[in-house]
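[1] here's my sequence, what's the structure:
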Amino acid sequence: MKRFKIIPAIDIINGECVRLTKGDYSQKTVYGKDPGRIAQQFYEMGFKRLHVVDLDGAKANNPINLETLKNITKNIDIEIQFGGGIKSAEVAGELFKSGVKMIICGSIAVENPNLFKTLLEQYGGDRVVLSADFKKDKISIKGWLEESDYSVNHLIEQFTRYGLRKIICTDISKDGMLAGPSFEIYKELKKEFPQIEIIASGGISSLEDIKKLYYIGVAGVIVGKAIYENKINPLNLITWLEKE
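    Now for the predicted structure:
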């Protein structure tokens, strides 16, 4: 079995672990008051990486829930990929100092591409990840609240020459719906950008979805609501985790 990451998602609003439906802040479900405790549980199950998103920060253009993040990083030795409000080199540096392994950048890649290029060159493509989140093939930014003029392919292509190696790609229309991911889109992206590690996100509803994405050739998958709603038992993922 090739290297394949299964990454639980912890989305944070007001210091709580939540999930949205289709990125809609008005359709919020709280799954826990203490994200640090939830992170600890995932760590004890054997997960190697967590996907942590500061949804307040994504709206505010600056991370808001840093204390919650630090509460996670100081207590468990697990890789954290963090996104939400990263709009400056100073914030990126602060996040790395706080124990974050990778930063996830979406809005700045559209609004300030020179800064994103600088971050890629400074920290490298293994630590700076492009968030290519879309609705109907148009990239969404600012916590998915605004649509840009960029297509997914155009955004990725723009940064490959600057060392881009990893992307997280979310079909927002699928996110939180538990109706299956956009398999065809991931197939097309893998074919066009074979050198890029693609993490699939949005719509994961079953182990069968995960298996299909594995055989498509993506590098990993982010699982959120399917775990919190008991559609997938995390313990059934242990075999996959042992192969990482």
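
[2] switch to C-alpha atoms for all contacts and neighbour counts from now on
    Will do.

[3] my guess is Ile10 meets Leu50, correct?
    Yes: here Ile10 lies in contact with Leu50, judged by Cα atoms under 8 Å, at a distance of 7.3 Å.

[4] which residues do the two both contact?
    Common neighbours of Ile10 and Leu50, counting by Cα atoms under 8 Å, 6 or more residues apart in numbering, are Ala39.

[5] now for the helix or strand harbouring Tyr150, which elements pack on it?
    Using DSSP states H and E, Tyr150 maps to strand 146-151. Strand 146-151 sits against strand 138-141, with contacts defined as 3 or more Cα pairs under 8 Å, 6 or more residues apart in numbering; DSSP states H and E.

[6] hmm, back to that, which helices and strands sit right next to the helix or strand that the strand holding Tyr150 is followed by?
    As assigned by DSSP H and E, the chain's next helix or strand after strand 146-151 is helix 152-160. Packing partners of helix 152-160 (3+ Cα pairs under 8 Å, 6+ apart): strand 128-135.

[7] if we use 10 Å, what do you get?
    Where contact means 3 or more Cα pairs under 10 Å, 6 or more residues apart in numbering; DSSP states H and E, helix 152-160 is packed against helix 107-111, helix 113-123, strand 128-135, strand 138-141, strand 166-171, helix 183-192.

[8] how about the ones you listed in CSV, adding mean neighbour count?
    Formatted as CSV, those follow (neighbours: other Cα atoms under 10 Å):
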stretch, mean neighbour count
helix 107-111, 20
helix 113-123, 17
strand 128-135, 25
strand 138-141, 24
strand 166-171, 23
helix 183-192, 15
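
[9] among the ones you listed, which is nearest Ile222?
    strand 166-171 (8.7 Å; Cα to Cα).

[10] right, and the helix or strand after the host helix or strand of Gln41?
    For Gln41, the host element (DSSP H and E) is helix 35-45. Using DSSP H and E, the next helix or strand after helix 35-45 towards the C-terminus is strand 49-54.

[11] after the helix or strand containing Ile6, next one along is what?
    Secondary structure from DSSP H and E places Ile6 in strand 5-13. Tracing the chain C-terminally past strand 5-13 and defining elements by DSSP H and E, one meets strand 16-21 next.

[12] from the chain's centroid, how far away is that next one?
    Offset of strand 16-21 from its chain centre (Cα atoms, centre = their mean, to the nearest Å): 14 Å.

[13] packing partners of it?
    strand 5-13, strand 24-32, helix 35-45, strand 49-54, helix 55-60, helix 225-228.
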